[in-house]
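**Student:** any chance you could fold what I've pasted below:
(one chain, ligands or ions: 1)
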Amino acid sequence: MHKPHIPLDEIRAAVEGCRKCPLADGRTQTVFGDGNPQARVLIVGEAPGKNEDLQGIPFVGAAGKYLNELLAIAGLRREDVFIANVLKCRPPGNRDPRPEEIELCTPYLREQTRTIDPEFIVTLGNFSTKFILKTEVGITRLHGKLQKAGKFKVFPIFHPAAALYDGSKRVALENDFATLGELLHASQPADGAAGAAASGQSAAGAAMADRPAEAAASDGRSAADGAQSASSQEPRYEQESLL
Ligand code: SF4
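**Tutor:** Below is the predicted model:
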């Protein structure tokens, strides 16, 4: 029933050879992702920028430095987490990802997620949040409120780059990373073993936000799928494509 997980190295090789969308023509190199392959926390950003495209690593440069500071607020080091993006190649001029690019590229993110099997997915900004939660509700509404997608706890946060242009976002970002640290602490596995998420309805559950009405309304296709018979109050991650 369950598909075997694909080793990360195999997914990386597939990404490196990928030419499924026109972004392949403009890239210096792909940016697969980086970090602990057994991380409790998978961080999902948007797409590589100029520095990431040059170095092949996500979140380098000013946004990466700030992300490291934010992780520290949550009690995390960069090597504790795995960081990936929705798109693996840089859009020209750092423009927004296009729907067709997201559709073509996100099978790689799905397989990364299945293989890493994190407890928490932290979505940074609108594109990763909308993709993971299958919602049209924006990050301004959702940030800092714990959600669920399938078996994963999903915690949306503004993209750190947003705070570099809009200082008013810094307080929200720092508060949300502090909350993430509390959620991680509250669901800490008793023996420190990776992957234990049995107490997900304890403190984390108490912090679980009700799903915004707009998200439920925009998700009619999921209800029609019937892929999950669980409460329609919960956002969905297309379970059949993830497992
Ligand atoms: S952005 Fe994704 S789908 Fe497009 S070429 Fe790069 S790896 Fe392939």
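
**Student:** if I look at the residue lying closest to G125 once chain neighbours are set aside, what pLDDT would I see?
**Tutor:** Distance criterion Cβ to Cβ, 6 or more residues apart in numbering; nearest residue to G125, sequence neighbours excluded, is H159 at 3.2 Å. Using the backbone N, CA and C atoms, a C-beta is placed for each residue, glycine as well. On pLDDT, H159 comes in at 96.

**Student:** P4 now?
**Tutor:** Value listed for P4 in the pLDDT field: 82.

**Student:** and this protein, which residues reach the ligand?
**Tutor:** Residues of the chain that fall close to the ligand, judged by Cβ under 6 Å from any ligand atom: 15, 18-21, 23-24, 30, 87-89, 101, 104-105.

**Student:** so the residue nearest the centre of the chain bridges to which residues?
**Tutor:** When Cα atoms, centre = their mean is applied to the chain, the residue found nearest the centroid is V44 (3.0 Å). Beta-bridge pairing for V44 (DSSP bridges): A84, T123.

**Student:** same check on K153?
**Tutor:** Bridge pairing for K153 - DSSP bridges - gives F120, K148.

**Student:** so it sits against I132, correct?
**Tutor:** No - with contact defined as Cβ atoms under 8 Å, K153 does not count as touching I132 (11.1 Å).

**Student:** overlap of the contact sets of these two?
**Tutor:** Residues touching both K153 and I132 (Cβ atoms under 8 Å, 6 or more residues apart in numbering): I121.

**Student:** low-confidence stretches in the chain?
**Tutor:** 1-2, 189-243 (pLDDT under 70).

**Student:** which parts of it are helices?
**Tutor:** Taking DSSP state H to define them, one finds helices in the chain at 8-16, 23-26, 50-55, 61-73, 99-116, 126-133, 139-142, 160-165, 169-186, 203-206, 213-217, 220-225, 239-242.

**Student:** for these, give me a markdown table that also has mean neighbour count.
**Tutor:** Compiled in a markdown table, the helices of the chain are given as follows (neighbours: other Cβ atoms under 10 Å):
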| stretch | mean neighbour count |
| --- | --- |
| helix 8-16 | 15 |
| helix 23-26 | 14 |
| helix 50-55 | 18 |
| helix 61-73 | 17 |
| helix 99-116 | 19 |
| helix 126-133 | 24 |
| helix 139-142 | 18 |
| helix 160-165 | 18 |
| helix 169-186 | 17 |
| helix 203-206 | 14 |
| helix 213-217 | 15 |
| helix 220-225 | 12 |
| helix 239-242 | 13 |
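
**Student:** as CSV, those with distance to A149 would be great.
**Tutor:** Output for the helices of the chain, formatted as CSV (distance: least, Cβ to Cβ, whole Å):
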stretch, distance to A149
helix 8-16, 20
helix 23-26, 25
helix 50-55, 25
helix 61-73, 21
helix 99-116, 10
helix 126-133, 6
helix 139-142, 12
helix 160-165, 22
helix 169-186, 15
helix 203-206, 14
helix 213-217, 11
helix 220-225, 11
helix 239-242, 8
